[in-house]
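In: Make a model of this:
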Amino acid sequence: MSQPTQLGFQDAASPLMEELLHFHDHALMIVFLISVVVLYILSAMVTAKFTDKLILDSQEIETVWTVLPAIILILIALPSLRILYLMDEINNPHLTVKAIGHQWYWSYEYTDFEDLGFDSYMIPTQDLHPGKFRLLDVDNRMVIPTEAPIRVLVSAEDVLHSWAIPTLGIKVDAVPGRLNQTTFIASRPGVFYGQCSEICGANHSFMPIVIEAVPLTHFENWTLSVMEDA
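Out: A predicted model of the protein is given here:
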């Protein structure tokens, strides 16, 4: 969950998000170093240090500013491609959940269980209890076990939606008539908030996503209670 006046990313709650944060820091440091070097060269040219004809027409200088950017691009591309591969990898999920976007709410189906599904609506402001978050809390949370690979199948019933949980490093488009999928592992218990990230109509900002990660025993008790209530 983000904090007031926060400038950085939310704390990672999945191994994938940890990788994304590391890649962000890696790329940011490269950008910082490039900015320092360019600023130094500009200031040196203003003070006439680098305006000598022997320097400006040097073959060595042209070689450096051709090879160096290529090396920098490789240093950025290699970890980026590794993370892209990890995001697409589907490795024996322990649980499959189907998330369907509607105007304007989400519904969830636990395909490994019989008749386990529900709709998830945003709680109106006037019905919020103390400690709940405005425009973020829902009446029925998507509950998952921690430290288990979870596969989410994402689709939509009407228009384009986007199922996004920043803390888990997930953002998947929900397209009518098509199934997209993603996997993640919640590395710690907690409640993680997200929102539809596709402009899907008048109430686009009123269809939040809430995932509650709990230990396996709590998850089993939750599934029993939900199916009994159904």
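In: contacts, neighbours, all on C-alpha from now
Out: OK.
In: can you list the domains in the chain?
Out: What the record gives for the chain is the domain set 15-88, 95-229, from automatic domain parsing.
In: Show me where this protein dips below the pLDDT cut-off.
Out: For the chain, applying pLDDT under 70 flags the ranges 1-3, 48-58, 230.
In: For the helix ranked longest in it, which residues meet the burial criterion?
Out: Secondary structure of the chain read by DSSP state H shows that its longest helix is helix 15-46. Across helix 15-46, burial judged by 16 or more other Cα atoms under 10 Å covers L16, M17, E18, E19, L20, L21, F23, A27.
In: Now find how far off-centre that helix is within its chain.
Out: 22 Å (Cα atoms, centre = their mean, to the nearest Å).
In: Same check on stretch 125-141?
Out: Per Cα atoms, centre = their mean, the centroid offset for stretch 125-141 relative to its chain is 22 Å.
In: Show me which positions of that stretch end up buried.
Out: Neighbour counts over stretch 125-141 (16+ other Cα under 10 Å) mark R134, L135, L136, D137, V138, N140, R141 as buried.
In: which secondary structure element contains A202?
Out: Assigned by DSSP states H and E, A202 belongs to neither a helix nor a strand.
In: got a list of what it touches?
Out: Residues near A202 by Cα atoms under 8 Å, 6 or more residues apart in numbering: none.
In: quick one on the thing from earlier: among the buried residues of stretch 125-141, which one lies nearest to P208?
Out: L136 (5.3 Å; Cα to Cα).
In: pretty sure that closest one contacts F192?
Out: No: if you go by Cα atoms under 8 Å, L136 and F192 don't touch, sitting 9.9 Å apart.
In: what sits in contact with each of these two?
Out: Each of V210 lies in contact with both L136 and F192 under the rule Cα under 8 Å, 6+ apart.
In: what sits against the residue nearest the centre of the chain?
Out: Residue closest to the average C-alpha location in the chain (Cα atoms, centre = their mean): G169, at 2.6 Å. G169 makes contacts with A12, S14, L16, M17, L20, as judged by Cα under 8 Å, 6+ apart.
In: what's the answer for Y110, then?
Out: Contacts for Y110 (Cα under 8 Å, 6+ apart) come out as L95, T96, V97, K98, L116, G117.
In: Sort out for me which of those residues are in strands.
Out: Those of the contacts of Y110 mapping onto strands are L95, T96, V97, K98, G117, per DSSP state E.
In: can you tell me the helix or strand for I71?
Out: For I71, the host element (DSSP H and E) is helix 59-88.
In: for that helix, which positions count as buried?
Out: P79, S80, I83, M87.
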